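Asks: here is a sequence together with a model predicted from it:
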Amino acid sequence: MNLVEPIESSLPQRIEGEDGIAPGRRMIRAGDDSMLSFGERIAAHLQRLAWRTPLHALRLNGRYPLKLLAVPRDPIAGNAAAGEAILAGRISYGSETMDLAKLDFARGDLSAGFADHLQSFVWLRDLAAVVSRDSGARIAERAVAAWLSIYGAQVDATAWRTDLWARRILFWTCYAPYILSSRDLVYRSAVLNTLARGARHLESEADKATIGLPRVTAWAGVAAAGLLIQGGPVRTKRGEAGLLRALGSAQHDDGGLASRSPGEQLALVELLAILRHVYGAAKTLMPAPLGEALQGASGALAGTMLGDGVMSSWQGGNPGSASRIAAILEGTGQQTRPLRQARGWGYQRLAALGTVAIFDAAPPPVSRVLSGGCASTLAIEVSDGPRRLIVNCGGPGRGATTLPPGIISALRSTAAHSTLVLADHNSTAIHADGTLGSGVSEVELVRDDVDDFSRVEATHAGYARRYGLAHRRQLALSSDGRELRGEDSLLPSGRKRIRDAIAFAIRFHLGPAVEPTITADGLGALLRISGGALWQFRCRGAGLSVDQSIWIDGEGIPHATSQLVVVGETPAGGAQISWLLKRAG
């Protein structure tokens, strides 16, 4: 029995004005910059050099605080296992570990993620999750003293990076009982004085931080410093104004970041959740626009989560930690409703009775706002309850990895995502220096939720310049969650006209617990999920094979998996390939 019916008859027809986004079709465009200019990179380098000059040192001078104005509560619960490891003398980040007896903030062999983890002191929340203030203070104060001995007087390009200083202000103040319990007045004074100098540094440099999450974080630190350290309403208002400007350039109206990175989105939600409690500790209302930004950011993040409670893998990231994500969302103190119909954020969510599909319906982010963006447009991820059925390969994130550079680069390619690849080329070019080039600059989007289906259609012309073809993908999820119908079309586009047939491959990377078996006719496969349901896959218009794949888990660890590959050739007039995922039984 053929499980795939003709797509035009089986999908509900679009009804104007009922797509929940806007009547008719909507264009989602990439930003207007592809990368930082050479002049901007030189200016950033000169700025860091200026931090070491006597003039900048003078800017950091001022009145020293005698105490904190308020001590906020960190609303996000720490990880008990990580806290126990700290008590045992080890601090960890992913697969990396450092002996606390040999704590060295200046070590140069750490991954970017671990270095930031150490420098921000976010790990204090893990320590606080398992130990009282009296016991934890000995560990925390030794670590702060070690940091002060290296960076307290010296303005370092890394340790004094504005977004790191902002996070350090938040975590030193949230865990002040752990780092300011000492009776050593010299040490206490050094901590408070350094906080004051860090706040002045932030206030003068926040607007020079990298556009996006780093600048948002820096200005959040300025606002927090005014509420908790010194500067009062004047610094707080300046911080709020800068934060709203930074959010205006970094966050789309739908709440998603311009970087389109779920990992960065998680960090934004965490930042704004803590900032809300900073306002509460200072007995001040958080400005309504900041509360709205938190609400929107939380919904956008939840919109990329699959049924296992962690993120889908986009823009070089991986699923992350289920416990951390749950703690951050709970820490917002809000009811988080997943964003289904994104605009600039780009991730369309289809969900019905335990089946969730996430669809990338936007161009890749520009290099200005995200280093290491991926050519993933029109890719999907699908879960059945807590089990992942269709995935993207993902990436190691910012943690240490044993993957060679060639594999890390390949994980950014279109072929590493569950979508169509034409002539083995990326839909958006990836340059040798890691930046993104020409390709998908806009996506045409239509969405409808009618009758028994949720339907979304998106089209990009990333292949038009080279091959004269556009890629259109249509998806429809039944209301009972048992069927996900798809159609991939290659349509004539642009001035270029092809004469010879062009090979294409539609890849469906499978979750790590999925075992595929090709059917006898070569047009379908049975997908057995370990401990879960049996799914059937059928396609029409091309052949089907199984190949090897790779999937990166939430710890950044690679796992060998499989992928279904629908292969064929498109003639000059284009091609149309229908496919169906159907839960059996």
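Replies: Perfect, I can see it now.
Asks: could you give the mean pLDDT of stretch 193-200?
Replies: Stretch 193-200 shows a mean pLDDT of 95.
Asks: before we move on, what about stretch 95-112?
Replies: Here the average pLDDT along stretch 95-112 is 91.
Asks: buried ones in that stretch?
Replies: By neighbour count, with 16 or more other C-beta atoms under 10 Å as the criterion, the buried positions of stretch 95-112 are 96, 98, 100, 103, 105, 110-111. The C-beta positions use only the backbone N, C-alpha and C, and glycine is treated the same way.
Asks: out of those residues, who's nearest Gly83?
Replies: Nearest to Gly83 among these: Leu100, at 12.5 Å, using C-beta to C-beta.
Asks: quick one: the closest one from Gly108, how far?
Replies: According to C-beta to C-beta, to the nearest Å, Leu100 and Gly108 sit 19 Å apart.
Asks: widest-spaced pair of the buried residues of stretch 95-112?
Replies: Farthest-apart pair in the buried residues of stretch 95-112 is Leu100 and Ser111; separation 18.1 Å (C-beta to C-beta).
Asks: now for the residue nearest to Ser530 when sequence neighbours are not counted: which residues touch it?
Replies: Setting aside the residues directly before and after it, Ser530 is nearest to Ala513 in space (C-beta to C-beta, 6 or more residues apart in numbering), at 4.1 Å. Going by C-beta atoms under 8 Å, 6 or more residues apart in numbering, Ala513 touches 387-388, 529-532.
Asks: also Gly481?
Replies: Each residue near Gly481 by C-beta under 8 Å, 6+ apart is listed here: 351-355, 583.
Asks: want to try a markdown table for these, with secondary structure and distance to Ile274 as columns?
Replies: Listed next are the contacts of Gly481 as a markdown table, based on DSSP: H, G, I helix; E, B strand; the rest coil; distance: C-beta to C-beta, whole Å:
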| residue | secondary structure | distance to Ile274 |
| --- | --- | --- |
| Ala351 | strand | 29 |
| Ala352 | strand | 35 |
| Leu353 | coil | 35 |
| Gly354 | coil | 33 |
| Thr355 | strand | 34 |
| Arg583 | strand | 41 |
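Asks: top of those by neighbour count?
Replies: Highest neighbour count within the contacts of Gly481, by other C-beta atoms under 10 Å: Thr355, with 24 neighbours.
Asks: and Gly299, how many residues sit next to it?
Replies: When neighbours are defined as other C-beta under 10 Å, Gly299 has 22 of them.
Asks: so what's it scoring on pLDDT?
Replies: pLDDT recorded at Gly299 is 97.
Asks: next: Arg14.
Replies: Per-residue pLDDT puts Arg14 at 36.
Asks: same check, this time on Ser10
Replies: 40.
Asks: how does the protein divide into domains?
Replies: 7-31+346-584, 38-257+261-331 (automatic domain parsing).
Asks: give the contact list for Ile552.
Replies: 313, 318, 393-396, 411, 558-559.
Asks: what lies in contact with stretch 574-585?
Replies: 3-7, 355, 382, 384, 389-390, 469, 481-492, 504, 506, 526-527, 533-542, 566, 568-569.
Asks: now the residues you listed: which count as buried?
Replies: Buried among the contacts of stretch 574-585 (16+ other C-beta under 10 Å): 3-4, 7, 355, 382, 384, 389-390, 469, 481-491, 504, 506, 527, 533, 535-542, 566, 568.
Asks: which other helices and strands contact whatever helix or strand Val278 lives in?
Replies: Per DSSP states H and E, Val278 falls inside helix 262-281. Applying 3 or more C-beta pairs under 8 Å, 6 or more residues apart in numbering; DSSP states H and E, one finds that helix 262-281 contacts helix 162-174, helix 213-228, helix 288-302, helix 322-331.
Asks: now distance to Leu339 too, for the domains of the chain, in TSV please.
Replies: Output for the domains of the chain, formatted as TSV (distance: least, C-beta to C-beta, whole Å):
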stretch	distance to Leu339
domain 7-31+346-584	7
domain 38-257+261-331	4
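Asks: quick one: closest of these to Pro338.
Replies: domain 38-257+261-331 (4.0 Å).
Asks: where exactly do the strands run in the stretch 51-200 of the chain?
Replies: Here the stretch 51-200 of the chain has its strands, by DSSP state E, counting those that start in this stretch, at 90-93, 96-99.
Asks: in the first one, what counts as buried?
Replies: Within strand 90-93, the residues scored as buried using 16+ other C-beta under 10 Å are 91-93.
Asks: export those residues as a markdown table, with columns for distance to Arg276.
Replies: Shown next, in a markdown table, are these (distance: C-beta to C-beta, whole Å):
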| residue | distance to Arg276 |
| --- | --- |
| Ile91 | 27 |
| Ser92 | 28 |
| Tyr93 | 26 |
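Asks: of those, closest to Ala176?
Replies: Taking C-beta to C-beta as the measure, Ala176 lies nearest Ile91 of these, at 20.0 Å.
Asks: picking up where we left off before, right, and the helices and strands packed on helix 262-281 - which one's nearest Arg238?
Replies: Nearest to Arg238, of all the helices and strands packed on helix 262-281, is helix 213-228, at 6.5 Å by C-beta to C-beta.
Asks: pLDDT (mean, whole number) over the following helix or strand past that closest one?
Replies: Moving toward the C-terminus from helix 213-228, the next helix or strand (DSSP H and E) is helix 232-250. Averaging pLDDT along helix 232-250 yields 97.
Asks: what's the answer for stretch 527-542, then?
Replies: 93.
Asks: just the strands from the stretch 401-550 of the chain, written as ranges.
Replies: Secondary structure of the stretch 401-550 of the chain (DSSP E, counting those that start in this stretch): strands at 420-422, 442-450, 453-460, 469-478, 483-492, 502-510, 514-518, 524-529, 534-540, 543-552.
Asks: can you list contacts of the fifth one?
Replies: Contact with strand 483-492 is made by 4, 7, 10-11, 350, 355, 357, 380, 382, 420, 422, 453, 459, 463, 468-478, 504, 506, 570, 572-583, as judged by C-beta under 8 Å, 6+ apart.
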